[in-house]
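> Sequence plus predicted model, see below.
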Amino acid sequence: MTVHQLSIFLENKFGKLSELLALLGSENVRIIAATVADTSEFGILRLIVSDPEKAYTIFQGHGVGANMTEVLAIKTDAEAGRFAEIISLFTQAGVSIEYMYCFSLDKQSIMIIRTNNKEAAFEVIRKHHIEHVNACDLINL
Amino acid sequence: MYWQKDLETMDRKSLETLQTQRLTELIAHAQQSAFYGKVFTEHNITPESIQSTEDIRKLPFTTKEHLRANYPFGLASVSLDKCVRLHSSSGTTGNPTVILHSQKDLDQWANQVARCMYMVGIRDTDIFQNTSGYGMFTGGLGFQYGAEMLGTLTVPAAAGNTKRQIKFIQDFGTTCLHIIPSYATRLAEVMYSMGIDPKKDTKLKTICIGAEPHSEAQRKRIESLLGVKAYNCFGMSEMNGPGVAFECTEQNGLHIWEDYYLVEIINPITLEPVPVGEIGELVLTTLNREAMPLVRYRTRDLTRILPGECPCGRTHIRLDRFQGRSDDMIILKGVNIFPIQIETVLMGFKELGSNYLITVETVGNNDEMLVEVELDELYTDDYAVLQRLTKDIGRQLKDELLLTPKIKLVAKGSLPVTEGKAVRVKDLRTFA
Ligand SMILES: [Zn+2]
């Protein structure tokens, strides 16, 4: 139900992002999804990669502090209104979304979601038979 | 326990008698120099002017500008054939300064350093590695001769090359280090990153840290990272170098050797003495330096005398942890700020690393302060937590400084670290 996501503290410094991503590329770690949350001061780079453990070790080896978190990965069809529907199920259960990002492939969308309450979120997913993706599925995308 | 029990534990009255006698001799001797000959004549000072240590106040101050103006040998009180070494410190503006030493001066200096090292428990069975730069920088040769006089096996590793320092520590079984505090933290970090646990994999037990102001929290951090006792040492090239004042094992204030130095603490603005216990500028007179005595030298270092007796039994007064230099003091919007105040606040946050940089610059018509500080690890994925941390740092700094600096969290390892002194303050203001 969950996948591992790596977060990296990113300063607003020119070239920093490409430098970090190049570290993974050179070690054959594939990036499946990435997002940068940003303020004027700093950003957090969030990554879903083909081998999170390896990526974590690579970052540590280069003195880059990374944080590993579990996030939900939900699969939906890319129809209008589907996102809203799923989010509203969480809202009704009192689960709030801390952040989310999505990507679409063919006619399908993957939503990566971080909630404030993992257990309650699982419950929502089970109850409403929301289709989710596990780590292996995601890597094979 | 004592290197020189009679001198270190001498009762105050005898100590003052000794100081008065040495001060009188000093006046007679310093008159030999071109500089003091002229100054004393102008102020009508003779050895007879000194009846007690209080009479020091009849004498004028000596400043770094005097040393520069009389560069290189204008303050020599003996002929150059009596001198065996000089140390020169480069000036960023104007002339550098020179301090001359006779053989007697060097022997006394080594004795001071040996006394300090012995005080913190270093013995001839120890192995002492000095990570100071050698050459003109007094932390190198100063500790070298002191440690040799004490009888330790010395490893004059000099500055830099962290991997090699670590190899020496492991290969030779180094037990003691002389190191600047920012480099001590760095050394520990490199050890851990190499898979070396200094507490298990080295024999380190005592380190002497100095040359940079640092907070108690930073000392504690160094002690726990390296598994050692860290002792604060104070020295300055004008006063020889290391060995002027040093903490005893109480770790509560630095004993300054009053048989070598006469201590005053003055208000840097009014130049009047401050009451015991109040912070002011340290002013020192060398009591028995031969080649180049200095009278009422304004050190620009801010500290205070700790009142009361030290449980270690030494009678020489204790100076509090240095509060920075009156030159380093940042005056921003009329507020006096010392970098150590900022450091103390930052070290209180376990989320932060030990590197920080204070930048002061003119933005529009305002002078602004920016504090950049390294995050220790990214311990959270939550944006709000980092923003809250930034706010908390800002609030605590505001309480301490009475103005609000801008705070910027930066990634670990991104601030400039030299293997010499860490850059702590950048003043980019344009003074129109
Ligand atoms: Zn003591």
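All right, it came through fine.

> Which part of chain A gets nearest to the ion, residue-wise?
residue A:63 (40.4 Å; C-beta to the ion). C-betas here are computed from N, CA, C, even on glycine.

> residue contacts, that residue?
Residue A:63 sits next to B:193, B:412-413 when contact means C-beta atoms under 8 Å, 6 or more residues apart in numbering or on different chains.

> Please report the distance of residue B:160 from residue B:290.
Counting by C-beta to C-beta, to the nearest Å, the gap from residue B:160 to residue B:290 is 34 Å.

> more crowded one of those two?
Ranked by neighbour count (other C-beta atoms under 10 Å in any protein chain shown), residue B:160 and residue B:290 place residue B:290 first, with 20 against 13.

> confidence score at the more buried one?
Per-residue confidence (pLDDT) for residue B:290: 97.

> Is it in contact with residue B:100, as I believe?
No: with contact defined as C-beta atoms under 8 Å, residue B:290 does not reach residue B:100; the gap is 9.2 Å.

> for the stretch 151-300 of chain B, which spans come out with low pLDDT?
B:213 (pLDDT under 70).

> give me the residue from it nearest chain A.
Closest approach between the stretch 151-300 of chain B and chain A, counting by C-beta to the nearest C-beta: residue B:193, at 7.6 Å.

> In space, what's closest to that residue - neighbours in sequence excluded?
residue A:63 (7.6 Å; C-beta to C-beta, 6 or more residues apart in numbering or on different chains).

> roughly how far apart are the one you found and residue B:218?
Relative to residue B:218, residue A:63 is positioned 21 Å away (C-beta to C-beta).

> what's the answer for residue B:267, then?
28 Å.

> quick one, which of the two is more surrounded?
Comparing residue B:267 with residue B:218 by other C-beta under 10 Å, the one with more neighbours is residue B:218, at 23 against 13.

> which helices and strands does the helix or strand that contains that one pack with?
Take DSSP states H and E as the rule and residue B:218 turns out to sit in helix B:216-226. Other helices and strands packing on helix B:216-226, by 3 or more C-beta pairs under 8 Å, 6 or more residues apart in numbering or on different chains; DSSP states H and E, are helix B:181-193, helix B:198-201, strand B:206-210, strand B:229-234, helix B:339-347.

> I figured residue B:117 hits residue B:151, correct?
No: taking contacts as C-beta under 8 Å, residue B:117 lies outside contact range of residue B:151: 10.1 Å.

> For stretch B:84-102, C-alpha coordinates in CSV please.
C-alpha atoms of stretch B:84-102 as CSV (Å, rounded to 0.1, in the frame of the first residue of the first chain):
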residue,chain,number,x,y,z
VAL,B,84,66.7,34.4,19.2
ARG,B,85,63.3,34.4,17.5
LEU,B,86,60.6,36.6,16.2
HIS,B,87,57.0,35.9,15.5
SER,B,88,55.2,38.2,13.1
SER,B,89,51.5,38.3,12.5
SER,B,90,50.3,39.7,9.2
GLY,B,91,48.0,42.6,9.3
THR,B,92,45.1,42.9,6.9
THR,B,93,45.6,46.6,7.0
GLY,B,94,48.9,48.4,7.5
ASN,B,95,52.1,47.0,8.8
PRO,B,96,52.2,43.5,10.4
THR,B,97,53.4,43.3,14.0
VAL,B,98,56.5,41.6,15.4
ILE,B,99,57.2,40.1,18.8
LEU,B,100,60.8,39.4,19.7
HIS,B,101,62.0,36.7,22.0
SER,B,102,65.2,36.2,23.9
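
> ok now it, how far from the chain's centre?
When distances are taken as C-alpha atoms, centre = their mean, to the nearest Å, stretch B:84-102 is centred 18 Å away from the chain's centroid.

> which bits of chain B sit near the ion?
B:248, B:250, B:310, B:312, B:314 (C-beta under 5 Å from the ion).

> Throw those residues into TSV and include secondary structure, distance to chain A and neighbour count, thanks.
Formatted as TSV, the residues of chain B next to the ion follow (DSSP: H, G, I helix; E, B strand; the rest coil; distance: C-beta to the nearest C-beta, whole Å; neighbours: other C-beta atoms under 10 Å in any protein chain shown):
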residue	secondary structure	distance to chain A	neighbour count
B:248	coil	38	23
B:250	coil	38	12
B:310	coil	42	16
B:312	coil	42	18
B:314	coil	44	23
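
> Most widely separated two among those residues?
By the measure C-beta to C-beta, B:250 and B:314 form the most distant pair in these, at 9.5 Å.

> And the helices in chain A?
A:16-26, A:52-61, A:82-92, A:118-127, A:135-139 (DSSP state H).

> Give me the below-cutoff pLDDT ranges for chain A.
For chain A, the ranges with pLDDT under 70 are A:12, A:39-40, A:141.

> what does it have sitting close to the ion?
Counting by C-beta under 5 Å from the ion, chain A has no residue next to the ion.

> Contact residues of chain A facing chain B?
Within reach of chain B by C-beta under 8 Å from any C-beta of the partner chain, chain A has these residues: A:5, A:7-11, A:13, A:37, A:39, A:41-42, A:44, A:46, A:63-67, A:69, A:98-99, A:114.

> Restricted to strands, list those.
Among the residues of chain A next to chain B, the subset assigned to strands under DSSP state E consists of A:5, A:7-11, A:37, A:42, A:44, A:46, A:66-67, A:69, A:98-99, A:114.

> of those, closest to residue B:142?
Using C-beta to C-beta as the measure, the one of these that approaches residue B:142 most closely is residue A:11, at 39.7 Å.

> and the gap between the closest one and residue B:358?
Applying C-beta to C-beta to residue A:11 and residue B:358 gives a distance of 17 Å.

> Settle it for me: which of those two has more neighbours?
Under the criterion of other C-beta under 10 Å, the comparison of residue A:11 against residue B:358 puts residue B:358 first, with 20 against 16.

> Who is that one paired with across the strands?
residue B:371, residue B:425 (DSSP bridges).

> That one: what's it in contact with?
B:330, B:339, B:342, B:369-371, B:405, B:424-426.

> By neighbours, which of these wins?
So for these (other C-beta under 10 Å), the most neighbours sit at residue B:342, 25 neighbours.

> Report how many residues lie close to the closest residue to residue A:60 other than its chain neighbours.
With C-beta to C-beta, 6+ apart as the criterion, residue A:60 has its nearest non-adjacent residue at 7.0 Å, and that residue is residue A:66. Neighbour count for residue A:66, taken as other C-beta under 10 Å: 22.

> Please tell me I have it right and residue A:66 contacts residue B:379.
No: counting by C-beta under 8 Å, residue A:66 does not reach residue B:379; the two are 10.9 Å apart.

> which residue packs closest to residue B:408, ignoring adjacent ones?
residue B:372 (4.7 Å).
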